[in-house]
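Here is my input, please return the structure:
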Amino acid sequence: MKQTSVVDEVTRAAVELFASRGYANTSVQQVVEAAGVTKGALYHYFQSKDDLLFGIYERLLSLQTEHLNAIVERGEPTAETLRAVCVDVIETSVDHLLEGTVFFRSAHMLSAPRQQEVTRRRRAYHDTFAGLIEAGQAEGLYRTDVPVAVLVAHFFSDVHYLSHWYSPEGPEDKTVLANQLTDLFLVSISAASAGPAGSAPAVRPHATSAVEG
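Just a heads-up that it's a prediction; the model follows:
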(Lines give C-alpha, C1' and ligand atoms only; values in the text may rest on other atoms or scores of the structure.)
Protein backbone atom coordinates (compact mmCIF):
# COMPACT_ATOMS: atom_id res chain seq x y z
CA MET A 1 0.00 0.00 0.00
CA LYS A 2 1.41 3.41 -1.00
CA GLN A 3 2.16 6.12 1.57
CA THR A 4 -0.75 8.34 0.47
CA SER A 5 -3.02 5.30 0.51
CA VAL A 6 -2.08 4.41 4.09
CA VAL A 7 -2.59 7.97 5.33
CA ASP A 8 -5.85 8.34 3.43
CA GLU A 9 -7.24 4.98 4.56
CA VAL A 10 -6.29 5.53 8.19
CA THR A 11 -7.75 9.03 8.14
CA ARG A 12 -10.96 7.84 6.48
CA ALA A 13 -11.40 5.03 8.99
CA ALA A 14 -10.65 7.33 11.93
CA VAL A 15 -13.13 9.95 10.77
CA GLU A 16 -15.90 7.40 10.35
CA LEU A 17 -15.24 5.73 13.69
CA PHE A 18 -14.78 8.97 15.63
CA ALA A 19 -18.05 10.22 14.14
CA SER A 20 -20.05 7.07 14.92
CA ARG A 21 -18.46 5.89 18.18
CA GLY A 22 -16.84 9.03 19.54
CA TYR A 23 -13.14 9.80 19.81
CA ALA A 24 -12.80 8.62 23.41
CA ASN A 25 -14.59 5.33 22.67
CA THR A 26 -12.48 4.43 19.63
CA SER A 27 -9.23 2.53 20.02
CA VAL A 28 -6.21 2.55 17.74
CA GLN A 29 -6.82 -1.17 17.14
CA GLN A 30 -10.31 -0.43 15.84
CA VAL A 31 -8.90 2.23 13.49
CA VAL A 32 -6.26 -0.06 11.99
CA GLU A 33 -8.77 -2.88 11.56
CA ALA A 34 -11.20 -0.57 9.76
CA ALA A 35 -8.41 0.85 7.63
CA GLY A 36 -7.01 -2.56 6.76
CA VAL A 37 -3.47 -1.68 7.87
CA THR A 38 -1.15 -2.71 10.68
CA LYS A 39 -0.45 -0.73 13.83
CA GLY A 40 3.11 -0.36 12.59
CA ALA A 41 1.86 1.31 9.42
CA LEU A 42 -0.36 3.69 11.39
CA TYR A 43 2.40 4.61 13.83
CA HIS A 44 4.75 5.27 10.90
CA TYR A 45 2.62 8.30 10.01
CA PHE A 46 0.78 9.09 13.25
CA GLN A 47 2.54 8.97 16.62
CA SER A 48 -0.68 8.55 18.61
CA LYS A 49 -4.46 8.79 18.49
CA ASP A 50 -4.00 12.42 19.54
CA ASP A 51 -1.80 12.94 16.49
CA LEU A 52 -4.47 11.33 14.33
CA LEU A 53 -7.22 13.66 15.57
CA PHE A 54 -4.97 16.66 15.00
CA GLY A 55 -4.11 15.37 11.52
CA ILE A 56 -7.79 15.20 10.56
CA TYR A 57 -8.21 18.90 11.29
CA GLU A 58 -4.76 19.89 10.04
CA ARG A 59 -5.51 18.57 6.56
CA LEU A 60 -8.67 20.65 6.31
CA LEU A 61 -7.07 23.75 7.78
CA SER A 62 -4.07 23.43 5.44
CA LEU A 63 -6.38 23.13 2.45
CA GLN A 64 -8.40 26.19 3.47
CA THR A 65 -5.24 28.19 4.21
CA GLU A 66 -3.82 27.36 0.78
CA HIS A 67 -7.06 28.51 -0.83
CA LEU A 68 -7.13 31.66 1.29
CA ASN A 69 -3.60 32.62 0.31
CA ALA A 70 -4.25 31.91 -3.37
CA ILE A 71 -7.38 34.08 -3.35
CA VAL A 72 -5.60 36.97 -1.61
CA GLU A 73 -2.65 36.73 -3.98
CA ARG A 74 -4.93 37.30 -6.97
CA GLY A 75 -5.00 40.93 -5.90
CA GLU A 76 -8.66 41.53 -6.68
CA PRO A 77 -10.64 44.35 -5.00
CA THR A 78 -11.27 43.85 -1.30
CA ALA A 79 -15.00 43.15 -1.65
CA GLU A 80 -14.41 40.46 -4.29
CA THR A 81 -11.59 38.91 -2.29
CA LEU A 82 -13.58 38.68 0.94
CA ARG A 83 -16.56 37.23 -0.90
CA ALA A 84 -14.40 34.58 -2.58
CA VAL A 85 -12.81 33.63 0.75
CA CYS A 86 -16.21 33.29 2.45
CA VAL A 87 -17.60 31.13 -0.35
CA ASP A 88 -14.50 28.94 -0.33
CA VAL A 89 -14.46 28.27 3.39
CA ILE A 90 -18.12 27.25 3.34
CA GLU A 91 -17.74 25.01 0.29
CA THR A 92 -14.63 23.28 1.65
CA SER A 93 -16.30 22.86 5.04
CA VAL A 94 -19.24 21.15 3.32
CA ASP A 95 -16.83 18.95 1.35
CA HIS A 96 -15.27 17.88 4.65
CA LEU A 97 -18.36 18.09 6.82
CA LEU A 98 -17.64 14.89 8.75
CA GLU A 99 -14.02 15.85 9.46
CA GLY A 100 -15.09 19.23 10.84
CA THR A 101 -17.81 17.62 12.92
CA VAL A 102 -15.39 15.14 14.46
CA PHE A 103 -12.83 17.78 15.26
CA PHE A 104 -15.12 20.36 16.82
CA ARG A 105 -16.77 17.67 18.90
CA SER A 106 -13.45 16.29 20.18
CA ALA A 107 -10.95 19.17 20.03
CA HIS A 108 -11.01 19.60 23.80
CA MET A 109 -9.50 16.12 24.12
CA LEU A 110 -6.33 17.08 22.26
CA SER A 111 -3.10 17.31 24.25
CA ALA A 112 -2.04 20.79 25.38
CA PRO A 113 0.72 21.12 22.73
CA ARG A 114 -1.70 20.13 19.97
CA GLN A 115 -4.34 22.56 21.23
CA GLN A 116 -1.73 25.31 21.20
CA GLU A 117 -0.80 24.44 17.63
CA VAL A 118 -4.45 24.53 16.57
CA THR A 119 -4.83 27.93 18.23
CA ARG A 120 -1.75 29.26 16.43
CA ARG A 121 -2.90 28.00 13.04
CA ARG A 122 -6.44 29.28 13.50
CA ARG A 123 -5.20 32.67 14.65
CA ALA A 124 -3.06 33.04 11.52
CA TYR A 125 -6.09 32.28 9.33
CA HIS A 126 -8.30 34.66 11.31
CA ASP A 127 -5.74 37.45 11.14
CA THR A 128 -5.80 37.32 7.34
CA PHE A 129 -9.61 37.18 7.31
CA ALA A 130 -9.82 40.08 9.78
CA GLY A 131 -7.31 41.99 7.69
CA LEU A 132 -9.66 41.85 4.72
CA ILE A 133 -12.48 43.27 6.82
CA GLU A 134 -10.21 46.03 8.12
CA ALA A 135 -9.11 46.87 4.58
CA GLY A 136 -12.78 47.12 3.60
CA GLN A 137 -13.48 49.35 6.60
CA ALA A 138 -10.70 51.68 5.49
CA GLU A 139 -12.34 51.82 2.06
CA GLY A 140 -15.72 52.62 3.59
CA LEU A 141 -17.22 49.27 2.60
CA TYR A 142 -17.82 47.69 6.00
CA ARG A 143 -19.26 48.88 9.28
CA THR A 144 -16.97 50.03 12.08
CA ASP A 145 -19.54 50.20 14.89
CA VAL A 146 -18.98 46.52 15.74
CA PRO A 147 -15.55 45.11 16.72
CA VAL A 148 -13.84 43.11 14.00
CA ALA A 149 -13.63 40.14 16.39
CA VAL A 150 -17.42 40.04 16.56
CA LEU A 151 -17.78 40.26 12.79
CA VAL A 152 -15.34 37.38 12.33
CA ALA A 153 -17.08 35.29 14.99
CA HIS A 154 -20.44 36.03 13.36
CA PHE A 155 -19.32 34.47 10.09
CA PHE A 156 -17.51 31.44 11.47
CA SER A 157 -20.25 30.55 13.92
CA ASP A 158 -22.38 29.62 10.91
CA VAL A 159 -19.53 27.49 9.56
CA HIS A 160 -19.08 25.67 12.89
CA TYR A 161 -22.69 24.57 13.07
CA LEU A 162 -23.14 23.43 9.48
CA SER A 163 -23.22 19.79 10.51
CA HIS A 164 -26.11 20.46 12.91
CA TRP A 165 -28.54 21.51 10.22
CA TYR A 166 -27.11 21.12 6.70
CA SER A 167 -27.33 17.91 4.68
CA PRO A 168 -25.54 17.51 1.32
CA GLU A 169 -28.54 15.42 0.26
CA GLY A 170 -30.87 18.37 0.80
CA PRO A 171 -32.39 20.63 -1.85
CA GLU A 172 -29.55 23.16 -1.85
CA ASP A 173 -26.04 22.21 -2.95
CA LYS A 174 -22.87 23.60 -1.40
CA THR A 175 -22.50 26.40 -3.96
CA VAL A 176 -26.01 27.71 -3.38
CA LEU A 177 -25.53 27.45 0.38
CA ALA A 178 -22.14 29.17 0.27
CA ASN A 179 -23.51 32.09 -1.71
CA GLN A 180 -26.57 32.44 0.52
CA LEU A 181 -24.57 32.50 3.75
CA THR A 182 -21.98 34.81 2.21
CA ASP A 183 -24.67 37.23 1.03
CA LEU A 184 -26.23 37.32 4.50
CA PHE A 185 -22.84 37.95 6.10
CA LEU A 186 -21.73 40.67 3.71
CA VAL A 187 -25.04 42.50 4.00
CA SER A 188 -24.79 42.38 7.78
CA ILE A 189 -21.29 43.91 7.82
CA SER A 190 -21.85 46.48 5.08
CA ALA A 191 -21.39 50.13 5.98
CA ALA A 192 -25.07 50.65 5.23
CA SER A 193 -25.90 48.33 8.14
CA ALA A 194 -23.92 50.36 10.66
CA GLY A 195 -25.57 51.65 13.80
CA PRO A 196 -25.65 55.23 15.05
CA ALA A 197 -22.54 57.38 15.27
CA GLY A 198 -20.23 56.71 18.20
CA SER A 199 -19.05 53.37 16.98
CA ALA A 200 -16.96 50.89 18.91
CA PRO A 201 -13.30 50.53 17.91
CA ALA A 202 -12.37 47.68 15.58
CA VAL A 203 -10.21 45.07 17.27
CA ARG A 204 -8.41 41.90 16.26
CA PRO A 205 -10.15 38.59 17.08
CA HIS A 206 -8.74 36.65 20.00
CA ALA A 207 -7.78 33.00 19.63
CA THR A 208 -11.01 31.97 21.31
CA SER A 209 -13.24 33.67 18.75
CA ALA A 210 -14.06 31.88 15.53
CA VAL A 211 -12.64 29.07 13.46
CA GLU A 212 -12.07 28.77 9.79
CA GLY A 213 -13.69 25.25 8.38
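
if I read this right, Phe54 contacts Pro113, doesn't it?
No - using Cβ atoms under 8 Å, Phe54 is not in contact with Pro113; the gap is 9.4 Å. (Each C-beta comes from the backbone N, C-alpha and C, glycine too.)

Helix or strand with the lowest mean pLDDT in the protein?
Lowest by mean pLDDT, DSSP states H and E among the helices and strands of the chain is helix 162-165, with a mean of 84.

Between Phe54 and Pro113, point out the one with more neighbours.
Phe54 (23 against 10; other Cβ atoms under 10 Å).

Can you name the helix or strand that the more buried one falls in?
Assessed by DSSP states H and E, Phe54 sits inside helix 49-73.

Show me what that helix is packed up against.
Judged by 3 or more Cβ pairs under 8 Å, 6 or more residues apart in numbering; DSSP states H and E, helix 49-73 is in contact with helix 3-21, helix 28-35, helix 78-95, helix 97-106, helix 112-138.

who touches the second one?
Residues from elsewhere that reach helix 28-35 (Cβ atoms under 8 Å, 6 or more residues apart in numbering): 6, 9-10, 12-14, 16-17, 21, 38-39, 41-42, 49, 52.

What residues sit buried inside that helix?
Val28, Val31, Val32, Ala34, Ala35 (16 or more other Cβ atoms under 10 Å).

now the longest one
In terms of neighbour count (16+ other Cβ under 10 Å), helix 112-138 has its buried residues at 114, 118, 121-123, 125-126, 128-130, 132-137.

Repeat that for the first one.
Neighbour-count burial for helix 3-21, with 16+ other Cβ under 10 Å as criterion, is recorded at 6-7, 9-19.

and it with helix 49-73, angle?
Per axes from the mean of the first three to the mean of the last three Cα atoms, to 10 degrees, the angle that helix 3-21 makes with helix 49-73 is 110 degrees.

Which neighbouring elements make contact with helix 3-21?
Helix 3-21 packs on helix 28-35, helix 39-45, helix 49-73, helix 97-106, going by 3+ Cβ pairs under 8 Å, 6+ apart.

May I have the residues that are in contact with Leu17?
Leu17 neighbours (Cβ under 8 Å, 6+ apart): Thr26, Gln30, Val31, Ala34.

Ignore what I typed, I meant Ile56.
Ile56 makes contacts with Thr11, Ala14, Val15, Phe18, Glu99, Val102, Phe103, as judged by Cβ under 8 Å, 6+ apart.

mind redoing it with 10 Å?
By Cβ atoms under 10 Å, 6 or more residues apart in numbering, Ile56 lies in contact with 11-12, 14-15, 18, 23, 96, 98-100, 102-103, 106.

got it, and Val37?
Val37 touches Met1, Ser5, Val6, Val7, Glu9, Val10, Ala13, Val31, His44, Tyr45, counting by Cβ under 10 Å, 6+ apart.

Tell me the secondary structure of it, please.
With DSSP: H, G, I helix; E, B strand; the rest coil as the basis, the three-state label of Val37 is coil.

Quick check: it vs Thr11, distance?
Note on Val37: its distance to Thr11, by Cβ to Cβ, to the nearest Å, is 11 Å.

who touches both of these two?
Val31, Tyr45.

Need the per-residue pLDDT for Ala84.
What the model reports as pLDDT for Ala84 is 98.

That one is in contact with Gly75, isn't it?
No - with contact defined as Cβ atoms under 10 Å, Ala84 does not count as touching Gly75 (11.9 Å).
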